[in-house]
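> Show me how the following folds:
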Amino acid sequence: MALPVAFFAVFFAWPVVSIVGRGVRTDDGAWQFGRIGETLSRPDILDVLWFTVWQAAASTALTLLVALPGAYVFARFAFPGKAVLRAVVTVPFVLPTVMVGTAFLALVGRGGLFDELWGVRLDTSVWAILLAHMFFNYAVVVRTVGGLWAQLDPRQEEAARVLGASRWQAWRRVTLPALAPSVASAALMVFLFTFTSFGVVQVLGGSAYSTMEAEIYRQTARLLDLPTAAVLTLVQFAAVGAILAVHARTVRKRESALKLVPAELTARRPRGTGQWALLGGVLLSVTLLILLPLGVLVERSFSTPDGYGLDYYRALGSVDEGGTFLVPPMEAIGNSLEYALVATAVALLIGGLAAAALTRRAGRLVRGFDALLMLPLGVSAVTVGFGFLITLDEPPLDLRASWILVPLAQALVGVPFVVRTMLPVLRAVDARLREAAAVLGASPLKAWREVDLPMVWRALLIAAGFAFAVSLGEFGATVFIARPDNPTLPVAVARLLGRPGELNYGQAMALSTILMAVCAAALLLLERLRTERTSGEF
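From the prediction side, this is the model:
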C-alpha cells in the first residue's frame, strides 16, 4: 500500500488541500469558515447547486429506464455481432465529455441534423444535457448490471415458475433481489458522473446552465475567485464522499453469496415474439441514442461547404492564422497517444499494487483506502489541475514545465478502473496456491509470476485498455496543465469549438472522429480478450 498511498498523497490530496486552503484562508494563514455560509447563501450559487442535483437525479433515472432492458439483452441473449455492439455502446463512456457534448451539438445544435431536418434545436435546453448524459452512461449500467445478470443461474427463476409463480412474480422475488445491489451500484456511479459533469455542460449548457464542476472552472479560470471555487470544491467533496460511502456498502452487498454460473451457459437465442421485440427495441434505442450522435459527428467531419471531402482533415496539418494553436492540431494526436501510454503504465503500477493490497487485507483502514482510490472519479478535476499548478512549482517537485504533469493527472483517473477491473479477479485466486508455491521454495515474486499472472493476465490487459482509453479522454485537469505547444486531443477540440468559424468547427469534428476511432479500436480489442470471468466490474 505504500506506493499507492504516497502517489495519492502527493498528486491528489496535496493539490486539492492546497487549492481549497488558498480559498478559505486569509493571507496571514487564518481560516475563514464564515466564507462557506456566505457563499452558499448566494442566489446564483444556490441555483447551481439545485441544478446540479436535479439534473443528476433526472439523468440517472432516464439512464436506468433506457439501459436496464439493454443490460438484460446483453446478459441473456446470444445474437450475431454482440461483441461488436458491446464495444460500440462503451465508446461514449471512454470518450472525453467535451466530445460527448460535441456529438450532441452536431445532432441537436445550431445547424445540426435536427435543425436541418425539422428546425428543432435542443442545445439551449436541458434536454440536450440529459440526452448526452444517457449517451455517456449507458455502458455503466449495461456492464455493471448486465455482467452480474449474465452469471445468475436462470434455473432459480425457473424453479419459482414450477412452484406456481407468474413470470413477473418470479422475476420480482428471485432475480430482482439478487440484482438490486448491482442496480444500486450502477445508479450511484451514474449519479456520481452526472453530478460532477463538466465537458457536457460546458458545451451544451452555455451560459444558461452550470453544474458545480462547470462553476468551479468558471470561478477559477475566468473570474479568479478562489474563495467561491474552494467552497464549491468542499461541498462537492462532501457529496462525493457520501456517494462513494453508499457505493462501497452496495458493492459489499453485491459480493454476498450468490449462485453464479459461467455467462456462456445463460445466453441463448431469443425465443418468441416478445423476446425478438425486446431485442429489436434495444437495438433501436442503441441506434438512436448512441450510433446516431456518433454517426452525425463523423458526417460533419467530412461535410465541407463544397461538398463531402477531406478538407478539414488536411487542415489539421497546418497552423491556423487565428493563433488557436502554436503547432498544427494534428500534433495533438501524437501528444495524446504518448501521454496516454505513460499514464497507463503509471495507472497499472499504482492500481495493480493497490488491488493486490486490497486482496490480501481487510478491515476499516483498507476499506477507507479503497474508497480513497475512487475519489478522483468524483472530485473536481478542475481543482486537481489548478492545484497541480500551484503546488508542483518548487524543488524537489517543480513539474510545471515538465511533460510528465499531464500523464500524472491522467493516471489519477485511470487508477480506479485498474483497481475495479483487477480486484474481483485477484480475489478469485486461491491463496493456497501461493502458499503451496512458497512451500516448494518459490519467492514471492516467482509465486506471483507462476501462479497469479497466468490467471489474471487477461484482466491486466483489460485494465490497461480501460486506463488507456480514459487517459486519452481526460479533460478537466488537462485543460489547465497541457502546454500550448503540446495540446491533447480533448483540449484541442475544446479550443476549436471555442472559436467561431466553419473551419474551426469542422476541424473539431475531424479530431473528435479520430479519437472516437482510436477508442473504438481499443475497445474492440478488449472484447476479444474479455471473458465474463476476467471482466471485473467493467
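> Please count neighbours and contacts with C-alpha atoms only from this point.
Fine.
> Any stretches of the stretch 251-400 of the chain with poor pLDDT?
251-265, 320-326, 361-364, 366-368, 378 (pLDDT under 70).
> which residues in it form strands?
303-304, 307-308, 393-394, 397-398 (DSSP state E, counting those that start in this stretch).
> Redo those as CSV? Include mean neighbour count and distance to Leu85.
Listed next are those as CSV, based on neighbours: other C-alpha atoms under 10 Å; distance: least, C-alpha to C-alpha, whole Å:
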stretch, mean neighbour count, distance to Leu85
strand 303-304, 16, 26
strand 307-308, 10, 27
strand 393-394, 12, 46
strand 397-398, 12, 45
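> Indicate which one of those is closest to Thr97.
strand 303-304 (23.1 Å; C-alpha to C-alpha).
> Compile the strands of the stretch 251-400 of the chain into TSV and extend it with columns for distance to Ala354.
Shown next, in TSV, are these (distance: least, C-alpha to C-alpha, whole Å):
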stretch	distance to Ala354
strand 303-304	47
strand 307-308	50
strand 393-394	28
strand 397-398	23
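> The strand or helix carrying Ala57 packs against which elements?
Element membership for Ala57 (DSSP states H and E) is helix 43-76. Other helices and strands packing on helix 43-76, by 3 or more C-alpha pairs under 8 Å, 6 or more residues apart in numbering; DSSP states H and E, are helix 126-149, helix 176-195, helix 212-217, helix 272-286.
> Throw the ones you listed into CSV and include distance to Leu375 and mean neighbour count, thanks.
Formatted as CSV, these follow (distance: least, C-alpha to C-alpha, whole Å; neighbours: other C-alpha atoms under 10 Å):
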stretch, distance to Leu375, mean neighbour count
helix 126-149, 17, 25
helix 176-195, 10, 22
helix 212-217, 14, 25
helix 272-286, 30, 14
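> hey, which helix or strand in this protein has the poorest pLDDT?
Within the chain, no helix or strand scores below helix 364-374, which has a mean of 72 by mean pLDDT, DSSP states H and E.
> Between the helices and strands packed on helix 43-76, which one is closest to Leu365.
Here helix 176-195 is closest among the helices and strands packed on helix 43-76 (C-alpha to C-alpha), at 21.5 Å.
> Quick check: mean pLDDT of the closest one?
The pLDDT scores in helix 176-195 average 84.
> What angle do helix 126-149 and it make with each other?
Per axes from the mean of the first three to the mean of the last three C-alpha atoms, to 10 degrees, the angle that helix 176-195 makes with helix 126-149 is 140 degrees.
> Would you mind confirming that Val282 is in contact with Gly70?
Yes. Counting by C-alpha atoms under 8 Å, Gly70 is a contact partner of Val282 at 5.7 Å.
> Identify the contacts common to the two.
Shared contacts of Val282 and Gly70 (C-alpha atoms under 8 Å, 6 or more residues apart in numbering): none.
> neighbours of Met374, just the number please.
Other residues near Met374 number 21, with proximity taken as other C-alpha atoms under 10 Å.
> what's the burial count for Lys385?
You called it Lys, but residue 385 is Gly. 26.
> ok, the closest residue to it other than its chain neighbours - contacts?
In space, and not counting its chain neighbours, Gly385 is closest to Ala477: 4.0 Å by C-alpha to C-alpha, 6 or more residues apart in numbering. By C-alpha under 8 Å, 6+ apart, the contact set of Ala477 is 381-386, 409.
> Where neighbours are concerned, which of the residues you listed has the most?
Ala381 (29 neighbours).
> roughly how far apart are it and Asp44?
Noted for Ala381: a distance of 22 Å to Asp44, by C-alpha to C-alpha, to the nearest Å.
> Also Phe8?
33 Å.
> go on, Leu405?
Taken as C-alpha to C-alpha, the span from Leu405 to Asp44 is 34 Å.
> neighbour-wise, which of these two wins?
Higher neighbour count among Leu405 and Asp44: Leu405, with 22 against 10, using other C-alpha under 10 Å.
> So Gly109 sits against Gly119, correct?
No. Gly109 is not in contact with Gly119 according to C-alpha under 8 Å; the separation is 10.2 Å.
> which of these two has more neighbours?
Set side by side, Gly109 and Gly119 show more neighbours around Gly109, with 22 against 12, by other C-alpha under 10 Å.
> pLDDT at that one, what is it?
At Gly109, pLDDT is 76.
> Contacts only, for it.
Gly109 neighbours (C-alpha under 8 Å, 6+ apart): 115, 121-123.
> same deal with Leu399?
392-393, 405.
> ok, back up a step: need the contacts of Gly109 in TSV (columns: pLDDT, neighbour count and distance to Arg218).
Shown next, in TSV, are these (pLDDT from 0 to 100; neighbours: other C-alpha atoms under 10 Å; distance: C-alpha to C-alpha, whole Å):
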residue	pLDDT	neighbour count	distance to Arg218
Asp115	75	16	29
Arg121	75	19	25
Leu122	76	20	23
Asp123	72	22	20
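> Number of residues surrounding the residue nearest to Thr391 when sequence neighbours are not counted?
Nearest residue to Thr391, sequence neighbours excluded (C-alpha to C-alpha, 6+ apart): Pro15, at 5.9 Å. Using other C-alpha under 10 Å, Pro15 has 22 neighbouring residues.
> which is the next helix or strand following whatever helix or strand Pro15 lives in?
In this assignment (DSSP H and E), Pro15 forms part of helix 14-24. The C-terminal neighbour of helix 14-24 among helices and strands, as given by DSSP H and E, is helix 34-40.
> quick revisit: so which elements touch the helix holding Pro15?
Helix 14-24 packs on helix 226-254, helix 381-391, going by 3+ C-alpha pairs under 8 Å, 6+ apart.
> gap between Pro454 and Ala442?
16 Å.
> Columns secondary structure and distance to Trp50 on top of the contacts of Gly109, output as TSV?
What follows is the contacts of Gly109, written out as TSV (DSSP: H, G, I helix; E, B strand; the rest coil; distance: C-alpha to C-alpha, whole Å):
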residue	secondary structure	distance to Trp50
Asp115	helix	30
Arg121	coil	24
Leu122	coil	21
Asp123	coil	20
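> can I assume Val231 is in contact with Val20?
Yes. If you go by C-alpha under 8 Å, Val231 and Val20 touch, sitting 7.5 Å apart.
> Name the nearest residue to Ala214, sequence neighbours excluded.
Nearest non-adjacent residue to Ala214, counting by C-alpha to C-alpha, 6+ apart: Phe198, 5.2 Å away.
> List the residues that contact the one you found.
For Phe198, the contacting residues are 97-98, 211, 213-214, 476, by C-alpha under 8 Å, 6+ apart.
> now do Arg121
108-110, 112, 114-115.
> let's go with 7 Å and repeat that
108-110, 114-115 (C-alpha atoms under 7 Å, 6 or more residues apart in numbering).
> Out of those, give me the two with the largest separation.
Maximum pairwise distance in the contacts of Arg121, criterion C-alpha to C-alpha, is 8.7 Å, between Arg110 and Phe114.
> ok, now how distant is Thr308 from Leu426?
Heads up, residue 308 is Tyr, not Thr. For Tyr308, the distance to Leu426 - C-alpha to C-alpha - is 50 Å.
> closest to Val203 among the contacts of Ala477?
The nearest one, if we look at those relative to Val203 and count by C-alpha to C-alpha, is Val382, at 15.7 Å.
> Need phi/psi at the residue nearest to Gly385.
phi -80, psi -40 (degrees, to the nearest 10).
> How about the one 5 residues further on?
Torsion angles at Ala482 (phi, psi; degrees, to the nearest 10) stand at phi -70, psi 130.
> wait, isn't it in contact with Pro407?
No. Counting by C-alpha atoms under 7 Å, no contact exists between Ala482 and Pro407, whose distance comes to 10.0 Å.
> So which bits of the helix holding Ala57 are buried?
Of all the residues in helix 43-76, those buried under the rule 16 or more other C-alpha atoms under 10 Å are 45, 48-49, 51-53, 55-57, 59-60, 62-64, 66-76.
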